[in-house]
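J.: 3D model of this:
(chains A, B, C and D)
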4 protein chains.
Amino acid sequence: MAEIKLNIDALHDLLEVVFPQIAGQIQVVSLEPMFVRTRLAITESNLRPGGTVSGPTMFTLADVSAYIAVLSMVGNKPLCVTTSCGMDFMRKPAAGADLTCETRVLKLGRALAVMDCLIFSEGKPEPVARANMTYAIPPSKAEGV
Amino acid sequence: MAEIKLNIDALHDLLEVVFPQIAGQIQVVSLEPMFVRTRLAITESNLRPGGTVSGPTMFTLADVSAYIAVLSMVGNKPLCVTTSCGMDFMRKPAAGADLTCETRVLKLGRALAVMDCLIFSEGKPEPVARANMTYAIPPSKAEGV
Amino acid sequence: MAEIKLNIDALHDLLEVVFPQIAGQIQVVSLEPMFVRTRLAITESNLRPGGTVSGPTMFTLADVSAYIAVLSMVGNKPLCVTTSCGMDFMRKPAAGADLTCETRVLKLGRALAVMDCLIFSEGKPEPVARANMTYAIPPSKAEGV
Amino acid sequence: MAEIKLNIDALHDLLEVVFPQIAGQIQVVSLEPMFVRTRLAITESNLRPGGTVSGPTMFTLADVSAYIAVLSMVGNKPLCVTTSCGMDFMRKPAAGADLTCETRVLKLGRALAVMDCLIFSEGKPEPVARANMTYAIPPSKAEGV
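T.: Numbers count the residues shown, from 1 in each chain, chains lettered A, B, ... in the order given. Model prediction:
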């Protein structure tokens, strides 16, 4: 029913324009209608003393993944913005492991989309964090020619 | 009653060690018991297309500010970590203006601290975002003498 | 600038219609533009074993107080509905004490309003819970003549 | 690995003691390790004008369901209490339909448990609300033999 409007390549191109700061760090691994799996390559700059991944790094992954999930379904509307979010940091991610994030679109309304994210440290079965992200979708006229 | 255990200079020194990625970007402007005001200098790397400040930038400000607020009250326990948080992004920050953040400690327990943050775009009276941040405080023995 | 559109009597009348289940239990104590103080009379039905106030009781107080705060500012739009919320339960309320709730409107937009609530157990200076509540405001045409 | 410590009958018995206000309204439908499905029978007292289910009703269902999920795994520790939560209300539930709630335990730590809930209006495939609930688990000694 609900169809993907932007494929993985189109999403990667968009990320480079909208989030150049993290371009290349976050990749779309797989994409289904209302679901996306992403991966964040962890580098030194994402770590905190004690060898754990920083909170802002995990927030960035959840936020960008939710953005990707929305845009995959609504198409090229780069001005979608986060309106609210919540996160629980449940386990300490391994310092040397990349993070993967599974994002599910729970609601795709005209004006608001609600997503749930589970973040995993590669190689461990239990999630290290969960997030809920709400995005506002601009009306179509606002972004067109 | 509750007394400040780390002053502004000590907090700045700690930030450079714990969050070297944002060292210098976030400054403590003023400090009272259970309250801290911080400032984030906005640069190109914090912006999104359309000239607004990115969500991860605002999250980082709230997260680091809450960390500063906790440590100012519990002393040198750098292994305090975020356990949960929530944010509402309410207004578009001005692209050229720095952000300030007012963080209030609502609860300072033995194991958990709860903070509320209001983020302002300098020069505007209404907050651009609100956040709640919960930090876990490690037991004293865990961090050595 | 922003003016109160419904006074305390009008809000009490509205509560009896919209939330008859809690009519009489929750009272508006004082009202200012963008701020309301409410009180919940605690009865046996609000308690849990161990003599503490139940979570749903505190949620109800925050939710209804936020509803009152919105309606005081936008006028008679009973179809305002909660779209998202978050709460931290920070201290055990005293079993025999009423609860008071201070609600501040942080954003009053055309479509969404964002509120912060602090809940106190009467006689104690520190808040027992905090909440953030977002309400959707229906367009004016949607509610009849 | 993780085993159920209280079965459905034991959980129903416990609910009558701990939440007598909603006894009989909320039933455990099915139970697996780290997962529970519950049902709330909607009555007039759960409705708001316009024929929708009230926010406090949905919060109560999520809160009690999370409590059931925790206790099913940790055993008879009735003093488990909610420490934080978040909810998104995504769709209007049907007025005449019961609600079901699927609760998954994402983390079962010694001191904290984190749950995700999806609430459905019976007969509709899409969730009407999502919630995250964190419970504090008291140490074993605190609750006696």
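J.: contacts and neighbour counts: CA atoms only from here.
T.: OK.
J.: now the strands: where do they sit in chain A?
T.: Here chain A has its strands, by DSSP state E, at A:26-32, A:35-40, A:47-48, A:52-53, A:81-89, A:99-108, A:112-121, A:129-136.
J.: nearest to C:F89, of the ones you listed?
T.: strand A:81-89 (15.2 Å; CA to CA).
J.: Is any residue of the closest one near chain D?
T.: Yes. Judged by CA under 8 Å from any CA of the partner chain, strand A:81-89 and chain D are in contact via A:86, A:88.
J.: which other helices and strands contact that strand?
T.: helix A:55-74, strand A:129-136, strand B:81-89 (3 or more CA pairs under 8 Å, 6 or more residues apart in numbering or on different chains; DSSP states H and E).
J.: where's the residue most central in space within chain A relative to chain D, distance?
T.: In chain A, the residue lying closest to the centroid (CA atoms, centre = their mean) is A:S65, at 0.9 Å. In this view, A:S65 and chain D are 19 Å apart by CA to the nearest CA, to the nearest Å.
J.: so that residue makes contact with A:T103?
T.: Yes. Between A:S65 and A:T103 there is a contact under CA atoms under 8 Å: 6.6 Å.
J.: which residues touch the closest residue to A:T38 other than its chain neighbours?
T.: Among residues not flanking A:T38 along the chain, A:V28 sits closest, at 4.4 Å (CA to CA, 6 or more residues apart in numbering or on different chains). Applying CA atoms under 8 Å, 6 or more residues apart in numbering or on different chains to A:V28 gives the contacts A:8, A:11-12, A:36-39.
J.: From those, pick the one nearest chain C.
T.: A:V36 (23.3 Å; CA to the nearest CA).
J.: Who are the contact partners of that closest one?
T.: A:28-30, A:65, A:68-69, A:102-104.
J.: That one bridge partners, please.
T.: Using DSSP bridges, the beta-bridge partners of A:V36 come out as A:L31, A:T103.
J.: What does the pLDDT read for it?
T.: Note for A:V36: predicted pLDDT of 98.
J.: and if you look at A:G123?
T.: 89.
J.: need the contact list for it.
T.: If you count contacts by CA under 8 Å, 6+ apart, then A:G123 has A:A97 around it.
J.: Give me the distance between it and A:G86.
T.: Here A:G123 is placed at a distance of 25 Å from A:G86 (CA to CA, to the nearest Å).
J.: What is the neighbour count of the nearest residue to A:G55 once chain neighbours are set aside?
T.: Nearest non-adjacent residue to A:G55, counting by CA to CA, 6+ apart: B:T82, 6.9 Å away. Using other CA atoms under 10 Å in any protein chain shown, B:T82 is surrounded by 25 other residues.
J.: I'd say B:T82 and B:N132 touch.
T.: No. In this structure B:T82 lies outside contact range of B:N132 using CA under 8 Å: 10.6 Å.
J.: A:T57 contacts A:N46, doesn't it?
T.: Yes. Using CA under 8 Å, A:T57 is in contact with A:N46, at 5.9 Å.
J.: Quickly, which of the strands of chain A bottoms out on average pLDDT?
T.: strand A:47-48 (a mean of 80).
J.: What are the contacting residues of that one?
T.: Taking CA under 8 Å, 6+ apart as the rule, strand A:47-48 contacts A:53-54, A:95, B:18-19.
J.: What parts of chain A come near chain B?
T.: Going by CA under 8 Å from any CA, the residues of chain A near chain B are A:17-19, A:21, A:45, A:48-50, A:55-56, A:59-60, A:63, A:79, A:82-90.
J.: give the contact list for the spatially closest residue to A:G86 that is not a sequence neighbour.
T.: Excluding the flanking residues, the one nearest A:G86 by CA to CA, 6+ apart is B:G86, at 4.1 Å. With contact taken as CA under 8 Å, 6+ apart, B:G86 is in contact with A:84-87, B:131-133, C:86.
J.: now do A:I42
T.: Contacts of A:I42 by CA under 8 Å, 6+ apart are A:25, A:95-99.
J.: hang on, the earlier thing: what subset of the residues of chain A next to chain B is buried?
T.: Listed as buried from the residues of chain A next to chain B are A:18-19, A:48, A:55-56, A:59-60, A:63, A:79, A:82-90; burial here means 16 or more other CA atoms under 10 Å in any protein chain shown.
J.: from what I can see A:A41 touches A:L99, true?
T.: Yes. Using CA under 8 Å, A:A41 is in contact with A:L99, at 6.8 Å.
J.: higher neighbour count, the two?
T.: It is A:L99, of A:A41 and A:L99, that has more neighbours when counted by other CA under 10 Å, with 25 against 14.
J.: End to end on stretch A:107-118, go ahead and measure it.
T.: Termini of stretch A:107-118 sit 16 Å apart (CA to CA).
J.: Give me the contact status of that stretch with chain C.
T.: No. Judged by CA under 8 Å from any CA, stretch A:107-118 and chain C are separated, with a smallest distance of 10.3 Å.
J.: thinking again about what came up before, make a PyMOL selection of the buried ones in the contacts of A:V28.
T.: The PyMOL command for the buried members of the contacts of A:V28 (criterion: 16+ other CA under 10 Å) is given here:
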select buried, chain A and resi 8+11+12+36+37+38+39
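J.: Chain D versus A:T134, what's the distance?
T.: In this view, A:T134 and chain D are 9 Å apart by CA to the nearest CA.
J.: And the closest residue to that residue other than its chain neighbours, how far from C:L112?
T.: Among residues not flanking A:T134 along the chain, A:V114 sits closest, at 4.5 Å (CA to CA, 6+ apart). The spacing between A:V114 and C:L112, counted by CA to CA, is 15 Å.
J.: now swap in A:I4 and tell me
T.: 29 Å.
J.: got a list of what A:S45 touches?
T.: B:Q21.
J.: Give me the pLDDT for A:I8.
T.: So, for A:I8, pLDDT stands at 98.
J.: for the closest residue to A:S30 other than its chain neighbours, what are its contacts?
T.: Excluding the flanking residues, the one nearest A:S30 by CA to CA, 6+ apart is A:R37, at 5.2 Å. Contact analysis of A:R37 by CA under 8 Å, 6+ apart lists A:28-31, A:65, A:100-103.
J.: Just the buried ones among the residues you listed, please.
T.: Buried among those (16+ other CA under 10 Å): A:28, A:31, A:65, A:100-103.
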